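coords please:
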Amino acid sequence: MSLFRRIFLLNAAGLTMATASLLGPVTVSTPILPGEALVVVAGLAVLLVVNAIVLRIGLAPLGRLGRAMVTADLLHPGARAPVTGPAEVAELITTYNTMLDRLETERATSSARALSAQESERRRISQELHDEVGQTLTAVLLQLKRVADRVPGDLREEVRQAQEATRGSLDEIRRIARRLRPGVLAELGLHSALRSLAAEFTGHGLSVRHHLDGDLPPLTEETELVVYRVAQEALTNTARHAGADRAELRLRRVPDDLEGAGGVGGVELLVRDNGKGPGQVREGAGIRGMRERALLIGAAFSLGAGPEAGTDVRLRITTTTGGPSRLPSQLHTDADFGGDR
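Reported below is the predicted structural model:
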């Protein structure tokens, strides 16, 4: 029954009862008697209570729809308002759910395009750093070496310091270029790339251990890149924000007792540290970037407190999500990893 019909029938019932009371044996004296006043007040109370109940039941789906709109988050897809209530309200809720489906699809598509453009730009910058800046610093280093063989003894120490500074800058340029474009991932595979990543973050008070299963199901190139980037951002947050001295990087096949419905297995990435924990941390560009990458391949991402202390970052990829990706075929993406949680 439509909301209009419910309210109309309720009001019609109330007016009918009022008319029937006027035409019936019930009379009202002047001045009104206590018994007559009691009957009138009781009838009014009954009408108000019935009206409130019907309106509450009829408008409850609108309240649920309003709460669903307030809590809707495209980074946490899948939540939909239940389609209940009168015909007009059910149609409104269905329209809202359809709009949310379209927004999630459009967001995934636009995010994939934006990330693809970012990765292309990162690849270009990495290439220029390697070919232009790197080659220039290498040439400067060779020139300083030739100068060091000719300068007087009292200037050799200054030339040596210039050589060390140039060599340090060259190493930093190469490190930045590797972070912009993980060539080891394409050349040696995911396991080697994650081992290299763990070694890169080990030092300066942080020790990163890695445990990588060797019998993983096959993953697409796009999925492997998402796994690598999520691990990279998680370790970046650990190094910059967690205050931890130990971290653990795990990549494993999901065992049978953790597999989803229907016995579908998969792969799980876990980055765990012993730092101060996530607390009430505000999600910045880094965490949002990890969530978006997980959505692009249909994986499940979660961030929370560890079993004892610190932070757990998990990326769960089922066998189906590790197959054909929602990413464009040319996409090798990464957002702006600035270490912003």
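
dump the residue contacts of the closest residue to residue 68 other than its chain neighbours.
Take residue 68 and drop its neighbours on the chain: the residue closest to it by CB to CB, 6 or more residues apart in numbering is residue 81, 3.8 Å away. Just so you know, the C-beta spots here come from the backbone N, C-alpha and C atoms, and that holds for glycine as well. By CB atoms under 8 Å, 6 or more residues apart in numbering, the contact set of residue 81 is 64, 65, 68, 69, 93, 96, 97.

and residue 81, helix, strand or coil?
coil (DSSP: H, G, I helix; E, B strand; the rest coil).

cool, residue 215 as well?
Going by three-state DSSP: residue 215 is coil.

just residue 207 next, same as before
strand.

now do the same contact list for it.
Counted by CB under 8 Å, 6+ apart, residue 207 has contacts 245, 246, 247.

repeat that with 10 Å
Contacts of residue 207 were listed using CB atoms under 10 Å, 6 or more residues apart in numbering, and they are 198, 201, 244, 245, 246, 247, 248.

thinking the fourth one is in contact with residue 273, fair?
It refers to residue 245. Yes. The pair formed by residue 245 and residue 273 meets the contact definition of CB atoms under 10 Å, at 8.8 Å.

what about the helices in the stretch 101-250 of the chain?
134-148, 153-180, 183-188, 190-201, 221-237 (DSSP state H, counting those that start in this stretch).

give the other helices and strands that the second one contacts.
What that stands for is helix 153-180. helix 87-128, helix 134-148, helix 190-201 (3 or more CB pairs under 10 Å, 6 or more residues apart in numbering; DSSP states H and E).

again with the first one
Packed against helix 134-148, as judged by 3+ CB pairs under 10 Å, 6+ apart, are the following elements: helix 153-180.

how far off centre is the helix it packs on?
Helix 153-180 sits 39 Å away from the centroid of its parent chain (CA atoms, centre = their mean, to the nearest Å).

check which residues of that helix are buried.
By 16 or more other CB atoms under 10 Å, the buried positions in helix 153-180 come out as 159, 163, 166, 170, 173, 177, 178, 179, 180.

could you find the closest non-adjacent residue to the third one?
The spatial neighbour of residue 166 that comes closest, neighbours along the chain excluded (CB to CB, 6+ apart), is residue 141 at 5.0 Å.

need the contact list for the one you found.
162, 163, 164, 166, 167, 169, 170.

okay if I get those residues as a markdown table plus distance to residue 59 and pLDDT?
Formatted as a markdown table, those follow (distance: CB to CB, whole Å; pLDDT from 0 to 100):
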| residue | distance to residue 59 | pLDDT |
| --- | --- | --- |
| 162 | 77 | 88 |
| 163 | 78 | 85 |
| 164 | 75 | 88 |
| 166 | 73 | 88 |
| 167 | 73 | 86 |
| 169 | 67 | 87 |
| 170 | 69 | 85 |
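
which one of these is nearest residue 311?
residue 169 (33.4 Å; CB to CB).
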